[in-house]
Each structure stands twice: as structure tokens, then as C-alpha cells.
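Visitor: just the structure for this:
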Amino acid sequence: MTITSERRRSPILVLGVAGAVVVMLAVVTVVIVAALTRGGGPADEFEQAAEQFNSQYEPLARQLDSNMDRAGGGLMDAGLLTAQQDARALGDLFDTYGEALAAIEFPAEAEQAATQLANAIEAGKILMVNAAQFFAKGPMQSTLDNLQPETEDLIAEREEALRQALGSS
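Guide: Have a look, this model is predicted:
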């Protein structure tokens, strides 16, 4: 190899290295921008899950109340069957919320609050699954009247406690 051919390759090598550096910087920039636009981590993931649950819970709970009001007192009344379906749908909604919560990686300082919320969500699911098992309006109505408001309050309290633990309130 001659000195002239080495000098010709030298600018090509420099351009190749410079191009690789530019590509690396572009990739790093894209990764950083993607991470920043993705959200703020567990607090945002929790807020999304809570918003989705609460926006679906309210209409379903009103529908359950309405169908319970329309249900007759007879055994296996058609209105009661509809209310049972509503209770099952609410049970599924609690289950989905619990799964969404379980998928979030909470920091150590929020794990206890997250566990307490998960337990409250499980209680809501169990309430709805059990309410859907009744074959008469009276016991179903009594169970919902006694436990649904308490469960709703407990979940709201646990959500707030988790927000505080995450520092997002």
C-alpha cells in the first residue's frame, strides 16, 4: 500500500466514524424522547387504570341499581336475571382493575398502599360475584345495600392513599 492510497482511505474512515456517531446520537435521542413522552411511570399507569375503572364502574353500578329496582320479588325473575348479569359484569370490571394494578411496578414506598387497594378491589369483586349468586331479589338487594357503599368508600380511600404514597396527589 502506498502513502497516497492511505491518505485517500483516511477521509473515508473519518466520515464513516462520524456517520456512526451521528446514528448513535439519533438513536439515543429517540429512546430518551420516547421514555419522556411515555409517561411518568407507576403514578401515571395507576391514574390511567383508576380512571378507566371509575369511568366504567359508575354507569354499570347505576344500571345494576336500575335493574334491581325493576326486578320483581319472584324467584328467578327476569329483572333479577338482568341484575345478576350486571353484577357479574361489575365483578369482571373489578377483576380487570386488579389485573391492571398487578401489572404496575410500584416503588417500595407505595407497595403497601397498592396491596391494600388490591385487597379492596378483590373485596369488590367477591361482593359482585356473590351478589350474582342469589336467586331472589331480597337477599341480593340486602347484600348490595349493606356492602356496596362500604366497598366503594374503601376503594376510594385506598386509591387516595396510593396517590399519596406515589406523591401524585
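Visitor: lowest-confidence helix or strand of this structure?
Guide: helix 3-38 (a mean of 52; mean pLDDT, DSSP states H and E).
Visitor: tell me the first helix or strand C-terminal of that helix.
Guide: Next in sequence after helix 3-38, counting helices and strands by DSSP states H and E, comes helix 42-70.
Visitor: per-residue pLDDT of the residue most central in space within the chain, please?
Guide: Centroid-nearest residue in the chain, with C-alpha atoms, centre = their mean: residue 49, separated by 2.6 Å. Residue 49 is assigned a predicted lDDT (pLDDT) of 96.
Visitor: do the one 10 residues further on as well
Guide: Looking at residue 59, its pLDDT is 96.
Visitor: burial count for it?
Guide: Residue 59 has 9 neighbouring residues, counting by other C-beta atoms under 10 Å. C-beta here means a position set from N, CA and C on the backbone, and glycine is covered the same way.
Visitor: how far does stretch 89-103 sit from its chain's centre?
Guide: 7 Å (C-alpha atoms, centre = their mean, to the nearest Å).
Visitor: what's the answer for stretch 158-169, then?
Guide: Worked out by C-alpha atoms, centre = their mean, stretch 158-169 lies 14 Å from the chain centre.
Visitor: now do stretch 68-80
Guide: Per C-alpha atoms, centre = their mean, the centroid offset for stretch 68-80 relative to its chain is 33 Å.
Visitor: same check on stretch 144-160?
Guide: 18 Å.
Visitor: okay, buried residues for the helix or strand hosting residue 114 please.
Guide: Using DSSP H and E, residue 114 falls within helix 111-131. Residues of helix 111-131 classed as buried by neighbour count (16 or more other C-beta atoms under 10 Å): 113-114, 116-118, 120-121, 123-125, 127-131.
Visitor: could you identify the most distant pair in these?
Guide: Greatest spatial distance in those: 113 and 131, 27.1 Å, computed using C-beta to C-beta.
Visitor: check which helix or strand residue 98 maps to.
Guide: Per DSSP H and E: residue 98 is located in helix 78-102.
Visitor: give me the contact list for that helix.
Guide: 46, 49-50, 52-53, 56-57, 60-61, 63-64, 67-68, 70-72, 74, 114, 117-118, 121-122, 124-125, 128-129, 131-132, 134-137, 140, 144 (C-beta atoms under 8 Å, 6 or more residues apart in numbering).
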